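> only geometry, no sequence info:
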């Protein structure tokens, strides 16, 4: 059969691809109908060279059953006379396409639920809802009703101040919602016409966020007496703020293992593994009069975190994040999978800024990074002690 002639199986394959690419748009009411698929036209040479193949092709379309209408035309050939040949397949709507590709049940369920949700919330953005086709088509009846009930409750209670565990929606528990925060957040943003996604689903849902927990180690034996002899403490930042301690020095390290390995140091407290939550440092009043040093990874994300930490604690100094440290440990370099988005980072010193800019410019190599935990321990503790000295 000539390649330009489309068989019923090939037409179905084409429709499968079209459905996969367009079903969300069709659900939102887009698309031009009817859909016409050209089946190709055999030439006189095609018939002359392989008449049986052309006859089989035409016969396959003549005997085809199923959704859509096969369009035939009479064609006149110079030496072969007139022949009635298939020229196209017309499908009136998305329902017919779905039926052709074995997706009719999913399409009907998705359509019914799509209309149900728009009927309940007419302001919901249609494209955003249609983009959840798989949810609409595949959720069980119980799961879909649970989703509807939760969305209705969140819509009616935009600032409840409850914890996830307290939501009074039958069947919705913490694990169920945590697996679907992206789905629920997208639907709620669409309903409220909120643009953008800052990833803060607690704020979007009007729920109480669990307090951010901070882990510290009291490295000074004298200071430990003021906290009942405890050394390793993890608690919400607001509770740590009430500790009756006045450390002379505070060291902030990003790597937990580094913080756990730190030796006792007079008048010193260590704060560990804050990551991007370093802004909570501003909640700890016992940092205000202390000498504070920050030791993080030498990569673009490390300097971005350093900038945020210094905004919370202006007197903060960095240690082991300089060019000399980086260049003297070349064999230990790794690569950042992705660099942090470029930002002013206005609190960086001139020396810190130079390292950051060179990292972004790939001056020393592609996406260079030196992780804190790769430095030799004895050398690192010695440098840290010097930085903490009065």
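Thanks, I have the structure now. A quick note: this is a predicted structure, and the numbers were derived from the prediction, not measured.
> low-scoring stretches of the stretch 251-390 of the chain, by residue?
Of all residues in the stretch 251-390 of the chain, none has pLDDT under 70.
> ok, which stretches of it are strands?
Secondary structure of the stretch 251-390 of the chain (DSSP state E, counting those that start in this stretch): strands located at 268-272, 291-295, 317-318, 334-335, 368-369.
> Out of these, which one sits most buried?
Among the strands of the stretch 251-390 of the chain, strand 268-272 has the highest mean neighbour count (mean count of other C-beta atoms under 10 Å), at a mean of 25. C-beta coordinates here come from the backbone N, C-alpha and C atoms, glycine included.
> How about residues contacting stretch 124-134?
Stretch 124-134 has contacts (C-beta atoms under 8 Å, 6 or more residues apart in numbering) with 23-25, 27-29, 110, 114, 117-118, 136, 183, 186-187, 189-191, 193.
> In helices only, show me those.
23-25, 27, 110, 114, 117-118, 136, 183, 186-187, 189-191 (DSSP state H).
> follow-up on the earlier one: could you dump the strands of the stretch 251-390 of the chain to TSV with distance to residue 354?
Formatted as TSV, the strands of the stretch 251-390 of the chain follow (distance: least, C-beta to C-beta, whole Å):
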stretch	distance to residue 354
strand 268-272	27
strand 291-295	17
strand 317-318	13
strand 334-335	20
strand 368-369	14
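> So for residue 234, which of those strands sits nearest?
Smallest distance to residue 234 across the strands of the stretch 251-390 of the chain (C-beta to C-beta): 9.2 Å, for strand 268-272.
> any idea of the angle the closest one forms with strand 291-295?
30 degrees (axes from the mean of the first three to the mean of the last three C-alpha atoms, to 10 degrees).
> Wait, a helix at residue 21?
Yes - assigned with DSSP: H, G, I helix; E, B strand; the rest coil, residue 21 falls within a helix.
> what about it, how many residues close to it?
9 (other C-beta atoms under 10 Å).
> And for residue 74?
There are 8 residues near residue 74, going by other C-beta under 10 Å.
> Same question for residue 345.
19.
> what's the nearest residue to it if we skip its chain neighbours?
Closest residue to residue 345 apart from its sequence neighbours, by C-beta to C-beta, 6 or more residues apart in numbering: residue 307 at 4.1 Å.
> Quick check: the one you found touching residue 340?
No - between residue 307 and residue 340 there is no contact under C-beta atoms under 8 Å: 10.1 Å.
> Distance check, residue 277 against residue 58.
Counting by C-beta to C-beta, to the nearest Å, the separation of residue 277 from residue 58 is 70 Å.
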